[in-house]
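Novice: Have a look; sequence and predicted model below, questions after that.
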Amino acid sequence: MTMPRPTWNKVKAKTVEGLTAGCIDMHAHFGPDSKLERSVDLFTLLETASALKLRGIALKSKDYPTGALAQIGKKLYPAIEPIGAICLDHDVGGMNPDAVSSLGGIGGRIVWLPTFSSVGDMEKLFKRPDLGIFCLDKEGELTKQTVAVLEEVKRHDMVLATGHISNEETMAVVKKAHAMGIKRIIITHPITANLGGTPTMEMMKEYVKMGAYLEHALIGLTGRTQVITWEALVANIKEIGPEHCILSSDFGQISNPPPAYGMKSFIANMLAMGLKDEEVEVMVKTNPAKLVGL
């Protein structure tokens with residue numbers, strides 16, 4: 001049976017506002033950005049998030065680590081927790097354990113494995129897979145650099161997010177991270193993006209058994225970037241269980257509103273699709289707070 005499209009007359013504005021206040025967006029883009037035009041700079045990102053009373057927001061840049069910016073942002077907007085992060089793309093030296101260590105040393109919380117510099121993205125976006133970063137060696141084992149990155153993630157008790165790497169890489173990384181005792185793992189938008197690997201339901205359940213959370217991003221449900229239906233997303237959440245999922249915006253594109261407004265819209269749509277208040281709350285508040293230690 002196909003579920004109906006979001007039914008807005010069933011959604012109460014106060015409920016949406018209540019769930020937005022205190023939520024954490026684990027995936028937000030901002031400018032300056034050398035690759036893409038962005039809808040917000042750091043100040044607008046944090047100002048709008050503060051206005052909607054978000055508890056925290058992750059500062060994601062594919063160009064540079066954002067740990068220092070998170071500290072500056074906290075000084076300017078003390079009501080919100082800006083979360084420092086790094087994407088291990090070519091811009092920061094790829095699989096660079098020293099960069100991860102530096103970020104962890106100043107309180108940064110999230111490490112994304114390669115995104116635009118992954119082999120898959122380099123092939124799809126730039127037709128140069130030969131320049132892509134791959135987490136496995138010729139024998140199919142994790143590279144020494146990848147293991148070194150995982151060691152730094154564990155040492156600083158950071159969040160490991162899988163970025164845009166392939167299914168094969170993701171499974172190897174998550175198994176190793178779990179064996180090492182890394183407790184904070186995110187499978188980056190497994191079904192709500194058209195970049196990186198798209199795991200099967202069996203694979204997603206295996207990740208969950210190893211303690212990972214599935215991150216579903218609003219970007220994959222909107223506009224020209226839509227790759228999944230609302231019905232499919234809700235079905236996936238119900239089968240996996242909200243207690244194993246997080247919702248993020250992945251907004252910051254020039255065609256979209258600021259990420260904080262994306263989170264509010266995401267929450268409203270999830271409620272309109274029939275999810276219970278407490279199911280949405282665990283995905284936008286409880287689980288993200290556990291991951292980043294808030």
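Specialist: Arrived safely, thanks for sending. Numbering: from 1, shown residues only.
Novice: how about residue 125, what does it touch?
Specialist: 116, 195 (Cβ atoms under 8 Å, 6 or more residues apart in numbering). No exception for glycine: its C-beta is placed from N, CA and C like everyone else's.
Novice: make it 7 Å
Specialist: Contacts here follow Cβ atoms under 7 Å, 6 or more residues apart in numbering; on that basis residue 125 touches residue 116.
Novice: That one and residue 37, how far apart?
Specialist: Shown here: residue 125 relative to residue 37, a distance of 16 Å by Cβ to Cβ, to the nearest Å.
Novice: Might one say that residue 152 is in contact with residue 97?
Specialist: Yes - using Cβ atoms under 7 Å, residue 152 is in contact with residue 97, at 4.8 Å.
Novice: The stretch 151-294 of the chain: helices as residue ranges?
Specialist: For the stretch 151-294 of the chain, the helices defined by DSSP state H, counting those that start in this stretch occupy 167-180, 201-209, 230-240, 259-272, 277-281, 287-292.
Novice: Using JSON lines, please lay out the ones you listed together with mean neighbour count and distance to residue 82.
Specialist: Shown next, in JSON lines, are the helices of the stretch 151-294 of the chain (neighbours: other Cβ atoms under 10 Å; distance: least, Cβ to Cβ, whole Å):
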{"stretch": "helix 167-180", "mean neighbour count": "18", "distance to residue 82": "25"}
{"stretch": "helix 201-209", "mean neighbour count": "15", "distance to residue 82": "28"}
{"stretch": "helix 230-240", "mean neighbour count": "16", "distance to residue 82": "27"}
{"stretch": "helix 259-272", "mean neighbour count": "24", "distance to residue 82": "12"}
{"stretch": "helix 277-281", "mean neighbour count": "17", "distance to residue 82": "22"}
{"stretch": "helix 287-292", "mean neighbour count": "21", "distance to residue 82": "11"}
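Novice: got the residue ranges for the strands in the stretch 51-200 of the chain?
Specialist: Counting by DSSP state E, counting those that start in this stretch, one finds strands in the stretch 51-200 of the chain at the ranges 56-60, 81-83, 85-87, 110-112, 159-161, 185-187.
Novice: who touches the longest one?
Specialist: Contacting residues not belonging to strand 56-60 are listed as 24-30, 45, 49, 66, 69-70, 80-85, 87, 110, 259, 292, 294 [Cβ under 7 Å, 6+ apart].
Novice: which among the residues you listed end up buried?
Specialist: The neighbour-count test (16 or more other Cβ atoms under 10 Å) marks 24-30, 45, 49, 66, 69-70, 80-85, 87, 110, 259, 292 as buried among the contacts of strand 56-60.
Novice: Tell me which of the helices of the stretch 151-294 of the chain sits nearest to residue 53.
Specialist: Evaluated with Cβ to Cβ, these place helix 259-272 nearest to residue 53, the distance being 9.1 Å.
Novice: Can you pull out the low-pLDDT segments for this structure?
Specialist: Scanning the chain for pLDDT under 70 picks out 1-10.
Novice: again, only this time at 90
Specialist: Applying pLDDT under 90 to the chain flags the ranges 1-14, 35-36, 193-197, 222-226.
Novice: could I get stretch 266-283 in CSV with only the CA atoms?
Specialist: Provided in CSV are the C-alpha atoms of stretch 266-283 (Å, rounded to 0.1, in the frame of the first residue of the first chain):
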residue,chain,number,x,y,z
PHE,A,266,12.1,18.2,7.3
ILE,A,267,10.5,17.9,10.7
ALA,A,268,7.1,19.2,9.4
ASN,A,269,7.2,16.8,6.5
MET,A,270,8.0,13.8,8.6
LEU,A,271,5.1,14.5,10.9
ALA,A,272,2.9,15.1,7.9
MET,A,273,3.9,11.6,6.6
GLY,A,274,2.6,10.1,9.8
LEU,A,275,5.6,9.6,12.0
LYS,A,276,5.0,10.2,15.7
ASP,A,277,6.4,13.2,17.6
GLU,A,278,8.6,11.0,19.6
GLU,A,279,10.0,9.2,16.5
VAL,A,280,11.0,12.5,15.0
GLU,A,281,12.4,13.7,18.3
VAL,A,282,14.8,10.8,18.6
MET,A,283,16.1,11.4,15.1
